[in-house]
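> when you get a sec, could you give me coordinates for this:
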Amino acid sequence: VRYLYDQLFIKEKGVTAQTPWHQDGGYWRVTGPRICSVFVPLDSVEAKESLAFVLGSQLWSLHNPQHFADGTPYTGTSLPEMPDINHMIQTGK
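This is a model prediction of the structure:
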């Protein structure tokens, strides 16, 4: 195991704002199929407030990351825009 770095995201209990759909790999300066992120909640988390995944998305090519604070896309990455996951869920795709 090679440890790259750590990062802490804090989302207080009761916050209803959703974190935008994203791929962690778009934020990293490394590539490959053997890279992972780990979600470790320090408090109990209800299923509706927990981390969610799109089945099979680990096989997608990388998409352009966005700034979490305002949702604007990164510039100059040459990566395609992230699909509209909420629309995909609503339409059953």
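> for the rest of this, base every contact and every neighbour count on C-alpha atoms.
Will do.
> most centrally placed residue in the protein?
Most central in the chain under C-alpha atoms, centre = their mean is His22, positioned 3.4 Å from the mean C-alpha point.
> could you verify that that one is part of a strand?
No. The secondary structure assignment for His22 gives coil rather than a strand, going by DSSP: H, G, I helix; E, B strand; the rest coil.
> now Tyr27. Nearest residue, chain neighbours left out?
In space, Tyr27 comes closest to Pro65 once its chain neighbours are excluded; the distance is 6.3 Å by C-alpha to C-alpha, 6 or more residues apart in numbering.
> so what's that neighbour up against?
For Pro65, the contacting residues are His22, Gln23, Gly26, Tyr27, Pro73, Tyr74, Met82, taking C-alpha atoms under 8 Å, 6 or more residues apart in numbering as the criterion.
> quick one: these as a markdown table, columns for pLDDT and distance to Ile10 too.
Supplementary listing: these in a markdown table, determined by pLDDT from 0 to 100; distance: C-alpha to C-alpha, whole Å:
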| residue | pLDDT | distance to Ile10 |
| --- | --- | --- |
| His22 | 92 | 17 |
| Gln23 | 92 | 18 |
| Gly26 | 86 | 20 |
| Tyr27 | 87 | 18 |
| Pro73 | 92 | 21 |
| Tyr74 | 94 | 22 |
| Met82 | 92 | 23 |
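> which among these gets closest to Ser50?
Checking the contacts of Pro65 against Ser50 by C-alpha to C-alpha gives His22 as the nearest, at 14.8 Å.
> my guess is that closest one meets Glu81, correct?
No. Between His22 and Glu81 there is no contact, the gap being 10.2 Å when judged by C-alpha atoms under 8 Å.
> joint contacts of these two?
His63.
> okay, the contacts of Pro65 in a markdown table with secondary structure and distance to Leu51 next?
Supplementary listing: the contacts of Pro65 in a markdown table, determined by DSSP: H, G, I helix; E, B strand; the rest coil; distance: C-alpha to C-alpha, whole Å:
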| residue | secondary structure | distance to Leu51 |
| --- | --- | --- |
| His22 | coil | 12 |
| Gln23 | coil | 13 |
| Gly26 | helix | 18 |
| Tyr27 | helix | 18 |
| Pro73 | strand | 21 |
| Tyr74 | coil | 23 |
| Met82 | coil | 18 |
